[in-house]
Structure formats: structure tokens, C-alpha cells
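1. everything below, folded, please.
(chains A and B)
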Amino acid sequence: MEKLFGTIKEQIEKADDEKISVEDRDLLRLLETKAVDEALAIAERSRIPGLKKTVKVCTKVIGKVLDLEAQPPSGQAAEEELSGTAADLRQHRVDKMERIRERGDNPFKFAFDRSHNIGEARVAFEAAEPAGTEESPAEVPARLAGRLVAFRNQGKSCFADIRDEFGRIQLFMGLKQVGEDVFASLKDLDIGDFIGVEGAIKRTRRGEITIFATGYEILTKSLRPAAEKHHGLKDVETRYRKRYLDMVANPEVLETFKKRIQVVSYMRQWLEKQGYLEVETPMLHPIPGGATARPFITHHNTYDRDFYLRVAPELYLKRLIVGGFDKVFEINRCFRNEGVDTRHNPEFTTMELYEAYQDYMGLMEETEEMLTYIIEKIVGGTSFEYQGNTIEVKRPWKRMTLHDAIREYAGIDLEATRDRDEAVNLAKSVGVDVDPSMGYGKIVDEVMSDKVQPHLIQPTFLYDYPIELSPLAKKKRDNEALTERFQPFIACMEVGNAFSELNDPIDQRERFESQVALREAGDDEAQFLDEDFIASLEVGMPPTAGLGIGIDRLAMIVTDSASIREVILFPQLRTV
RNA sequence: GGACGGGUAGCUCAGUCGGUAGAGCAUCGGACUUUUAAUCCGGUGGUCGUGGGUUCGAUCCCCACCCCGUUCACCA
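-> The predicted structure is shown next:
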């Protein structure tokens, strides 16, 4: 290492002055502080001969050292640097915090005994109100707490708004009611502080439900302001990276996530009622399986071997059906090392279920029932808006075979042929851009997503998919070219995938082998052969139907969200 | 990875056909006892994403890079 640094120094010193740029001189310092990427970037631009190569070697060495040090990703710098105004704003609040301490108060309390949350308080007042009269209007005594979200000081009286998870309520404090000392201490409050108040809930002359406080208590001093009051926080990068700021500034975000939480909750409720058992299967897979997708690789130190983060729980869940559970499900994360866009996050949540003695048609009924149950519970009816379209979820949903759908929407018949070249020509004839290297199955898939999917605004089941696309599904009972598989679509999005599970171990081995052949031909998404899984099928899996549902997509649909990042609390962004 | 758009005060945004920047809100000081985007008066606050280049001079023009969004490719 020292030697490499020496070489770099030498190269810089020996170079012609005109070739040395200002940033070249920074190289060593950057390397010493392990700013590897930056140093590399400078070396790329440098005009000093040979320097680039030396720096590259050097950064490689440092990279290895960093990897070793990284083990538990070490915490970042102690305090995020604030500059200019931000630092001033914080300092003002720190000063106020000190003043609170100086008068013997604690700006970070331990608890506050509330009589109601704010939502309950409003309900309680509205319930009591009709009993009041002109002379003695209703009032409800209460102790409430919340975050201060607005503050309107009048000089000798003030109005403020406090908010908790369940609502917002106005607060009134008058100089006479609270006394001079308390009133003066209001100076040390800021938007964002948590306070507790005690008083009577009444209506003001202007009709606003208001707690007339006899006093207040600071519960938590906020040292950092959240966002502007009526434009909220709009910068999407900040919204995703600092979700807490998004939630504080944009309360509707809480509602979006509550709906997402309900999706999972109602789904679990429905499944348990049907007798499904919730299980947990490994996230670390020695062989990634259950889906055609590129996996993340990770490493176990003691075993000294690589594992894959799971791309799907499918093969483990089916082993449980082999083992003797009849109805199981799992709601959990999957990880796929692929593109990121408005519908894809590297980690996402799925529900997978498996039901013994059932086939795909029976499962289609169940799926329709479950999804309508969840959606109706959340949207409060059978129809809702998604991105400008009215979606009607009333049963029964439309059902079409994949080939019928292609005939209807693309105007070509891909079922008439099994020939790859003919399929390519047919696809091209309707303007679908296909690559001659694609297999027949891929071509069908391409035509489907290009020509059919955009029409599937209303809930629709497509079923009977080409065998090439579905290495884990049973062949259709009367047509060997197809599998017994279906996908539900809502608002043009695939929200799930299901099939009669392939339980013939001989057939399964052949399907895996053709996947392995694809893999060897360079398709790095093709599936691996899982010997133990085949062994389990040889022990015997009853006829089984299985279903996977994309929870994030379902959440997008019921929350009218255009991007998956709106329904994932902490979506994956590049680390800066 | 490609194409397009974006990054200016704590927040939301304007702007400079190249002469080192503005508004509203927030903040600070003052006035105000029924406001609710409170109001009125005065002030503070910016390495204009980062690094180079061109230029007497760059936030603006050119190049590279970083980050975000949309979209295409791959996928759920």
C-alpha cells in the first residue's frame, strides 16, 4: 500500500507541470481518506501517463480493506452537517431548549396522561354537543397531546393547532386563563414541538372545535423544522429518503400507508378464516428458486459460502405441502436483482399460498373472492378510481385464455403455430418489437404485455399460458402445449400469478433441465435445478394449486398511487 | 444501461440573452385578547448539485461526474 502511494506521488511529481491538474494533487489525500470512487474518477480524467493504472490498483486494494471493515455497516458521521439557514434555525431551537431547562423544566418528558386521542376528543365533543343549550353550551374536559403544527399569536391570546395520528384540533390559550409566566413561556415553543394540554373542549365563536387550555406542558422539543406549512414537502427525493419528514409534512401519506397496512391485514384475516396456516420459510437460499429472476448474492462467514436472497418462497412452501400441511401461506419479502422503476423495487412483498387437492380453476374463484373482499373493505364499495380510470371490482371478473386475449386485442393467432420464426413474423406484423433470439414463450409474453395488458383496466383473469413460460406449472389436462396457469390483472397491472402446481417429479426434472439449458446458453434469469425439491416431489405432493399476489401493486391500486415508491415506506434509492 | 426533464435560501418556487441572485412561507425583533395560509412594520439567511474548461468575469455557455423523476430495455 505504502509503495503504491509512493508510486503515485512519484508519478505526479515527475509529470510535466502542464499535465498536472489541480485535482491530481488531491489524489493522495483522497486515497488516504479512502475516497476511492472520487480518486478513481480523477485518475480517469488525469493526463499524467501511467497514473490511471496505479490508482486503479490502489483503489482495488483499498476497496478490499473497506469490505473487510464494512462488516456491520458502520454508522455514518456523528452529526449531519447543516449549513447556513438550517444551522441558524436549529440554533434558535437549541437556545429555546436551554431556556426551558434553565427554568427547571424538562424539554424531553417521559409520558403524558391523555384522556383522549385527538380523534376521540372530537367525537366525544360532537356527541356531547346536542345536550348543550344557548346559555350553557356543551363542553368536554380533556387532556390532549400532539405535535404543534400551527401557531397564531395575538399578543395576549394565541391559537395553535396540535395533531396526532388521529386528527387535528385547535388550541386556545389566553393570558388571563394561563397566567403571565406560562403565557410568556409560549415564546419557547416552535412548530414541531410536542405538547400536552389540559382544558375544556368548546366551540369558538367561529364554530371551530377548540380546546381552551388552562395550561400546557412541553413534551418534546423539536430541534429541526420539518417543512413549510401549506406547500408541504414536495421534493420526491427527500420524501423517499427521509420518509419521516414526508409523513410530518404530508399527513395524507399516513393514510396511504394505513391502507397498505390494511391490505395485508384483511388478506391475512381472509386467509386465516379459510383455514390457511401462516408459515415462515428461509430468506437465505443456497439455490435461488421459484421464479425466473436474477438473485442478490450474500455471504455467510461461518459456513464460508454464498447464499442467495430469495426470489420467491415457492419451492419451500411446496415442500410443506409434501410434508403434510394442506393450506399454507406466507406474506414476506422477496428480492430481485433487476431494474427499478415505477412498478419495481429491489425488495418487495408477496403473499404466496398453496392449497392441496385444489386446481387452478378452483383457486381462480378463491382469488377473485379474496381480492374483492380486500378491495371492498378498503375502498368501501365495489368501485374506485385509479389514475383517472374507474375500476369496478364487482364479481364475476372477466376471464379469457391468454390466446383468446391475443386474438382479440392483437388480432393475431399465436396458438395456431408453435414455430418460433412464424411467431416472430406474426408479432412483427402487428408492430411488436421481438428479438429473433427469443423463444416462442417469450414472444407470446411480449405480445401479451404490449398488446393485451394495456386493455386490462377492469379486473381480468388471463389463463392457460404456454408451457415455455411456466416451468413449475402442470401441463393443461387436454393440451400439452399449455399450462394450467392464470394471472389476475387490475388497472393493467399483473397483481398475481397462479397455477396447478406441477407435482410429477419426472416432468419437473425435465422442465428444470430445459431451464438449465437456457442458463447455459446465457440466460442468467433461467432457473436452477433444485435436486432436493425434486426429491420432495418424489416423496409425493398431492394435487395442489398455488397463488402469488404482489402486495405492493395491490397497495398501489387501492391508494391510487402511480409509483410503487409511494407504497413502500423506505423505497430503495442509491446511497449517496 | 439508453433517451428526455430536473437539482437556486430550512420549505415551495421565480430569475439572470454571461456582470457573484429574488418572492412567499419559515426564522429573528416589534405591534396585536377569537385566530384558523391570522394581520401589520423591520431584519437575518445562498460555496445557484460536484469538479473541470472557455471568458476580464460563469448560477447562466461547454465537458465530465453525482443524485432525482419520467420512459425504454429486463421483470412482479
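2. is RNA strand B within reach of stretch A:370-387?
-> No: on the criterion CB under 7 Å from any atom of the strand, stretch A:370-387 is out of touch with RNA strand B, staying 10.0 Å away. C-beta here means a position set from N, CA and C on the backbone, and glycine is covered the same way.
3. and if you look at stretch A:228-245?
-> Yes: using CB under 7 Å from any atom of the strand, stretch A:228-245 reaches RNA strand B at A:228-238, A:240.
4. now swap in stretch A:207-226 and tell me
-> Yes: Stretch A:207-226 comes into contact with RNA strand B (CB under 7 Å from any atom of the strand), by way of A:207-208, A:210, A:225.
5. which of the residues you listed count as buried?
-> Buried by 16 or more other CB atoms under 10 Å: A:210, A:225, out of the residues of stretch A:207-226 next to RNA strand B.
6. among the residues of stretch A:207-226 next to RNA strand B, which are in strands?
-> Taking DSSP state E as the definition of strands, the residues of stretch A:207-226 next to RNA strand B contribute A:T210.
7. now, the most widely separated pair of the residues of stretch A:207-226 next to RNA strand B?
-> Greatest spatial distance in the residues of stretch A:207-226 next to RNA strand B: A:G207 and A:P225, 30.6 Å, computed using CB to CB.
8. wait, a helix at A:V248?
-> Yes: according to DSSP: H, G, I helix; E, B strand; the rest coil, A:V248 belongs to a helix.
9. tell me which residues touch it, please.
-> A:147, A:192, A:226-227 (CB atoms under 8 Å, 6 or more residues apart in numbering).
10. A:G132 now?
-> Taking CB under 8 Å, 6+ apart as the test, what A:G132 contacts is A:138-139.
11. among the contacts of A:V248, which ones are in helices?
-> When DSSP state H defines the helices, the subset of the contacts of A:V248 inside them is empty.
12. quick one: which of those is nearest RNA strand B?
-> Minimum distance to RNA strand B across these is 4.4 Å, recorded for A:A227 (CB to the nearest atom of the strand).
13. just give me the neighbour total for that closest one.
-> 19 (other CB atoms under 10 Å).
14. same question for A:T133.
-> A:T133, neighbours per other CB under 10 Å, totals 7.
15. now A:G179
-> 12.
16. kindly report the same for A:G522.
-> 8.
17. for RNA strand B, see how far away A:D450 is.
-> 7 Å (CB to the nearest atom of the strand, to the nearest Å).
18. shouldn't that residue be within a strand?
-> No: counting by three-state DSSP, A:D450 is not part of a strand but helix.
19. hmm, back to that, how about CSV for the residues of stretch A:207-226 next to RNA strand B, with distance to A:N106 added?
-> CSV is the format used below for the residues of stretch A:207-226 next to RNA strand B (distance: CB to CB, whole Å):
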residue, distance to A:N106
A:G207, 37
A:E208, 31
A:T210, 27
A:P225, 22
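20. and the residues of stretch A:207-226 next to RNA strand B as a markdown table, adding pLDDT?
-> Formatted as a markdown table, the residues of stretch A:207-226 next to RNA strand B follow (pLDDT from 0 to 100):
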| residue | pLDDT |
| --- | --- |
| A:G207 | 91 |
| A:E208 | 94 |
| A:T210 | 96 |
| A:P225 | 87 |
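21. pick out whichever of the residues of stretch A:207-226 next to RNA strand B sits closest to RNA strand B.
-> A:E208 (3.8 Å).
22. pull the residues that contact the longest strand seen in chain A.
-> Assignment by DSSP E gives strand A:140-153 as the longest strand of chain A. Strand A:140-153 is contacted from outside by A:112-118, A:121, A:124-125, A:128, A:158-164, A:168-169, A:186, A:189-201, A:211, A:219, A:222, A:229, A:248, using CB under 8 Å, 6+ apart.
23. now a ChimeraX select for only the buried ones of these.
-> To isolate the buried members of these in ChimeraX, using 16+ other CB under 10 Å:
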select /A:112,114,116,117,118,121,124,125,158,159,160,161,162,163,164,168,169,186,189,190,191,192,193,194,195,196,197,198,199,201,211,219,222,248
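24. just the contacts of strand A:140-153: which are in helices?
-> A:118, A:121, A:124-125, A:128, A:248.
25. need the max-distance pair from those residues.
-> A:A128 and A:V248, at 31.1 Å, using CB to CB across the ones in helices among the contacts of strand A:140-153.
26. phi, psi of A:M400?
-> phi -140, psi 150 (degrees, to the nearest 10).
27. how much space between it and RNA strand B?
-> 17 Å.
28. what do you get for A:D560?
-> In terms of CB to the nearest atom of the strand, A:D560 sits 14 Å off from RNA strand B.
29. give the contact list for that residue.
-> A:384-387.
30. could you dump the residues you listed to CSV with secondary structure, neighbour count and distance to A:Q572?
-> CSV is the format used below for the contacts of A:D560 (DSSP: H, G, I helix; E, B strand; the rest coil; neighbours: other CB atoms under 10 Å; distance: CB to CB, whole Å):
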residue, secondary structure, neighbour count, distance to A:Q572
A:F384, strand, 20, 28
A:E385, strand, 11, 28
A:Y386, strand, 20, 24
A:Q387, coil, 13, 23
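31. what lines up beside the longest strand of chain A in the sheet?
-> strand A:157-164 (antiparallel), strand A:194-203 (antiparallel) (DSSP bridges).
32. how distant is the last one from the center of its chain?
-> In other words, strand A:194-203. Relative to its parent chain, strand A:194-203 has a centroid offset of 37 Å by CA atoms, centre = their mean, to the nearest Å.
33. check what pLDDT A:G84 gets.
-> Confidence at A:G84, expressed as pLDDT, is 71.
34. an error on my part: the question was meant for A:R407.
-> Reported pLDDT for A:R407: 93.
35. repeat for the one 10 residues further on
-> pLDDT recorded at A:T417 is 86.
36. which of the three states applies to the closest residue to it other than its chain neighbours?
-> The shortest distance from A:T417 to any non-neighbouring residue, by CB to CB, 6 or more residues apart in numbering, is to A:A423 (5.9 Å). When classified by three-state DSSP, A:A423 comes out as helix.
37. touching, A:A423 and A:Y440? I think so.
-> Yes: if you go by CB atoms under 8 Å, A:A423 and A:Y440 touch, sitting 5.3 Å apart.
38. of those two, who's got more company?
-> For A:A423 versus A:Y440, neighbours defined as other CB under 10 Å are more numerous around A:A423 (25 against 21).
39. can you tell me how far the more buried one is from RNA strand B?
-> A:A423 is 15 Å from RNA strand B, by CB to the nearest atom of the strand.
40. give me the beta-bridge partners of the closest residue to RNA strand B within the stretch 351-500 of chain A?
-> The minimum distance from the stretch 351-500 of chain A to RNA strand B, using CB to the nearest atom of the strand, falls at A:E494 (3.3 Å). Using DSSP bridges, the bridge partners assigned to A:E494 are A:F489.
41. residues in contact with A:E525?
-> Counting by CB under 8 Å, 6+ apart, the residues that A:E525 touches are A:292-294.
42. now neighbour count, pLDDT and secondary structure too, for these, in a markdown table please.
-> Formatted as a markdown table, the contacts of A:E525 follow (neighbours: other CB atoms under 10 Å; pLDDT from 0 to 100; DSSP: H, G, I helix; E, B strand; the rest coil):
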| residue | neighbour count | pLDDT | secondary structure |
| --- | --- | --- | --- |
| A:T292 | 19 | 84 | coil |
| A:A293 | 16 | 87 | coil |
| A:R294 | 14 | 88 | coil |
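43. residues making contact with stretch A:423-442?
-> With contact meaning CB under 8 Å, 6+ apart, stretch A:423-442 is reached by A:410-414, A:417-421, A:443-444, A:446-447, A:450-451, A:466-469.
44. let's go with 6 Å and repeat that
-> Identification of contacts with stretch A:423-442 by CB atoms under 6 Å, 6 or more residues apart in numbering yields A:410, A:412, A:414, A:417, A:420, A:443, A:446-447, A:450, A:466, A:468-469.
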